[in-house]
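*Asks:* return a 3D structure for these sequence lines:
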Amino acid sequence: MASMLSMQCVASLRKSSIHLRTAALGINKRHYSSKKESLTEYLSESFVPLMQKQKSLPRLPIPKLEDTVRRYLTAQRPLLDDDQFRTTEKIAQDFQNGVGKQLHEDLVAQDKSNKHTSYISGPWFDMYLSDRDSVVLNSNPFLSFNPDPKIEYNDQLVRATNVVCSAVRFMKTLQTEFQEPEVLHLNPSESETTRFTPWVPSSLSRPLDMSQFVHLFNTTRIPKRRRDELFTNEKAKHLLVMRKGNMYVFDIVDRDGNLLKPAEIQSHLKYILSDPTPAAAFPLGVLTSENRDVWAGLRDKLIAAGNAEDLQSVDGALFCLSLDDESMRDNIHISHNMLHGDGCNRWFDKSFTVILTKDGQAAINFQHSWGDGVAVLLFINEIFKDTTERPLVNPGSAAAAVDSASAVRRLKFNLDSELENGIRKAKEYFDSTVSTLTIDAMQFTKGGKAQLKKSKISPDAVAQLAFQMGFLRQYGQTVATYESCSTAAFRHGRTETIRPATIHTQRCSHAFVLQPGQHSVEQLQAMLTECSKYHGQLTKEAAMGQGFDRHLFALRYLANSKNEPLHSLYTEPAYAAINHNILFTSTLTSPALSFGGFSPVVPDGFGVVYGVHDNRISCIATSYLTRNVHEFVQCVHKSLEDIFTVLEGKKLG
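*Replies:* Below is the predicted model of the structure:
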């Protein structure tokens, strides 16, 4: 069927332990060609072209309206008292039988006439690009690489050179379609590789949507009044490098499209790192942290002042490499630096920026409008594998004897007093905003995935339950919670929302936190099992495009596009509350990553990135001044202690 996965596929997914959350892809094993040129130019030579299966991907299904309303009300139940819920239930049923029914029919008809894409793709792009808030803290997340296992390869110049070379090799592999399509394995025994195998029945493996990769390189989000634009210059061959707020460009691909010799790239980067030019007095990069309309106005003034050509160099660059002169103290310092830094040595509008600190810590900060974590993580996995297993330069490599002073161009912008004042104000606003962000980390080392699986409990369900328990312990409430889930198994799929706050987690949290002496160990274990099963159901539904959030969002978007008044379902307090996601969460699992992070999506919320590993559970949490993130991670740790105590058959103390 064009719009649905086969029933056999659904059955296989139900048996699978894989969770299609944003950023849960493994590293592919690569078979490199023996050809010398392939070793230099490409990461792999796939026998299955990247986009071969794109047209045959199933279309993202539009859920039945009655299912969406039912799921919406089920998610609202733990957030509302009885009177509030009766009101919301009545409004939702009125929507289902009236305005919502017509909107749904119109959405289905519209979807049938746009079979090349998904019903959510256009509205989702529009949501991101129409948002006027700064992309810093509001949109761009970061993903931090693990250190290179060979300590000496973490030298800033060596690692920067290898990352740049591997990134170009990845780009060329994409362009020639030697890159293999990423695959969702629906058989839990498939653990070593995600390679797509054509002869494997479709019930066991399915290629994922690769369409987002078109914006990975040479792409920048251009500020425009009311709605930004994504700009891509596929012909550009240069890299943008930032250091001390200064901006440099040099070609990393030659006229024939081949990677520049690694020793030459190393020479150019060495030249930039040794450039005595002082820190920029008016660093242009901080403007990319501004309100989008303010930035759009200042960009127009930059162009009018004669800076169009240099801005085009920035916009069309393959990507941005930020070389920081600071060494990192700990993971909290790394998180602050990779998420926002000082605002001066970043161009936050680039599709992605590779950040490399003085001590070789590496991360990617990426612009979220063009794509999701699945695409970025595949790139990170490949880069980490290539740089650690097949580095093109080493600590003993000598930089090429080339004229880097001629090859590297430092961009010099014409700035008048109005532009200088705009940069000054942007920096002041940036500093005042990031000063309110607090970050803390938690490591639970008394158990992890291995023990949970022995107990037949979902590791992800336990992590999410710990967040519910932790917030209840700290604030005495159950609040709207968001967990991102990829729908990349469908053509132009983006994400769907898992709603981890349920009547099951609410009941279990109250039993553990507020009534620990009123339940036996067996009763508490049964509650944990119930939470796990229901969370697994929600995860599978979301991965199959059967959540409620995207459907309701698309119906509202459609009503707005027709200038129709919104139904009271969208205007009543309950809808606003469930979309005010106080707990905004995402999970990361990859051998290439140490951790990642993002800011809260609401002023009184927490942003939580977590990982459940074999013998530990970790998270990085962020908050603004209205919440205490230090206390929150302590409460989450206590909740995990209680959960594992009960799973071990012991009473709570």
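*Asks:* quickly list what the nearest residue to residue 160 once chain neighbours are set aside is bridged to.
*Replies:* Once flanking residues are discounted, residue 160 sits nearest to residue 356: 4.9 Å by C-beta to C-beta, 6 or more residues apart in numbering. C-beta here means a position set from N, CA and C on the backbone, and glycine is covered the same way. Listed beta-bridge partners, residue 356: residue 323, residue 362 (assigned using DSSP bridges).
*Asks:* number of residues surrounding residue 356?
*Replies:* With neighbours defined by other C-beta atoms under 10 Å, the count for residue 356 comes to 22.
*Asks:* what residues are up against it?
*Replies:* 156, 159-160, 163, 321-324, 362 (C-beta atoms under 8 Å, 6 or more residues apart in numbering).
*Asks:* got a markdown table for those residues, with neighbour count and pLDDT too?
*Replies:* Formatted as a markdown table, the contacts of residue 356 follow (neighbours: other C-beta atoms under 10 Å; pLDDT from 0 to 100):
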| residue | neighbour count | pLDDT |
| --- | --- | --- |
| 156 | 20 | 98 |
| 159 | 23 | 98 |
| 160 | 25 | 98 |
| 163 | 22 | 98 |
| 321 | 24 | 98 |
| 322 | 25 | 98 |
| 323 | 21 | 98 |
| 324 | 22 | 98 |
| 362 | 27 | 98 |
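*Asks:* Throw these into JSON lines and include distance to residue 634, thanks.
*Replies:* Output for these, formatted as JSON lines (distance: C-beta to C-beta, whole Å):
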{"residue": "156", "distance to residue 634": "35"}
{"residue": "159", "distance to residue 634": "35"}
{"residue": "160", "distance to residue 634": "37"}
{"residue": "163", "distance to residue 634": "36"}
{"residue": "321", "distance to residue 634": "37"}
{"residue": "322", "distance to residue 634": "33"}
{"residue": "323", "distance to residue 634": "36"}
{"residue": "324", "distance to residue 634": "31"}
{"residue": "362", "distance to residue 634": "30"}
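*Asks:* for the helix or strand that contains residue 336, list the C-alpha coordinates in PDB.
*Replies:* Following DSSP states H and E, one finds residue 336 within helix 331-339. What follows is helix 331-339, C-alpha atoms only, in PDB (Å, rounded to 0.1, in the frame of the first residue of the first chain):
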ATOM      1  CA  ASN A 331      31.200  18.400  30.300                       C
ATOM      2  CA  ILE A 332      29.200  21.300  31.500                       C
ATOM      3  CA  HIS A 333      31.800  23.700  30.000                       C
ATOM      4  CA  ILE A 334      31.700  21.700  26.800                       C
ATOM      5  CA  SER A 335      27.900  21.900  26.700                       C
ATOM      6  CA  HIS A 336      27.800  25.700  27.100                       C
ATOM      7  CA  ASN A 337      30.500  26.100  24.500                       C
ATOM      8  CA  MET A 338      29.000  23.900  21.900                       C
ATOM      9  CA  LEU A 339      25.400  25.100  22.400                       C
END
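*Asks:* and it, what does it pack onto?
*Replies:* strand 142-145, strand 362-366, strand 438-444, strand 593-597, strand 617-623 (3 or more C-beta pairs under 8 Å, 6 or more residues apart in numbering; DSSP states H and E).
*Asks:* how about the next helix or strand along the chain from the shortest one: buried residues?
*Replies:* On the C-terminal side of strand 142-145, the nearest following helix or strand under DSSP H and E is helix 156-175. Going by neighbour count (16 or more other C-beta atoms under 10 Å), the buried part of helix 156-175 is 156-174.
*Asks:* tilt between helix 156-175 and strand 362-366?
*Replies:* Relative orientation of helix 156-175 versus strand 362-366 (axes from the mean of the first three to the mean of the last three C-alpha atoms, to 10 degrees): 50 degrees.
*Asks:* quick one: low-confidence ranges for the stretch 1-150 of the chain?
*Replies:* By pLDDT under 70, the low-scoring segments of the stretch 1-150 of the chain are 1-40, 42, 44-54.
*Asks:* next SSE after the helix or strand containing residue 74?
*Replies:* In this structure, residue 74 sits in helix 65-76 according to DSSP H and E. Counting by DSSP H and E, the next helix or strand C-terminal to helix 65-76 is helix 82-97.
*Asks:* show me which residues of that next one are buried.
*Replies:* 85, 88-89, 91-92, 95-96.
*Asks:* list just the nearest of those to residue 580.
*Replies:* Lowest distance from residue 580 to the buried residues of helix 82-97 (C-beta to C-beta) belongs to residue 88, with 14.8 Å.
*Asks:* list the contacts of that closest one.
*Replies:* Shown in contact with residue 88 (C-beta under 8 Å, 6+ apart): 73, 76, 80, 572, 574.
*Asks:* my read is residue 230 is in a strand, agree?
*Replies:* Yes: applying DSSP: H, G, I helix; E, B strand; the rest coil, one finds residue 230 inside a strand.
*Asks:* tell me how many other residues surround it.
*Replies:* Neighbours of residue 230 (other C-beta under 10 Å): 18.
*Asks:* separation between the residue lying closest to residue 555 once chain neighbours are set aside and residue 557?
*Replies:* The shortest distance from residue 555 to any non-neighbouring residue, by C-beta to C-beta, 6+ apart, is to residue 103 (4.6 Å). Counting by C-beta to C-beta, to the nearest Å, the gap from residue 103 to residue 557 is 10 Å.
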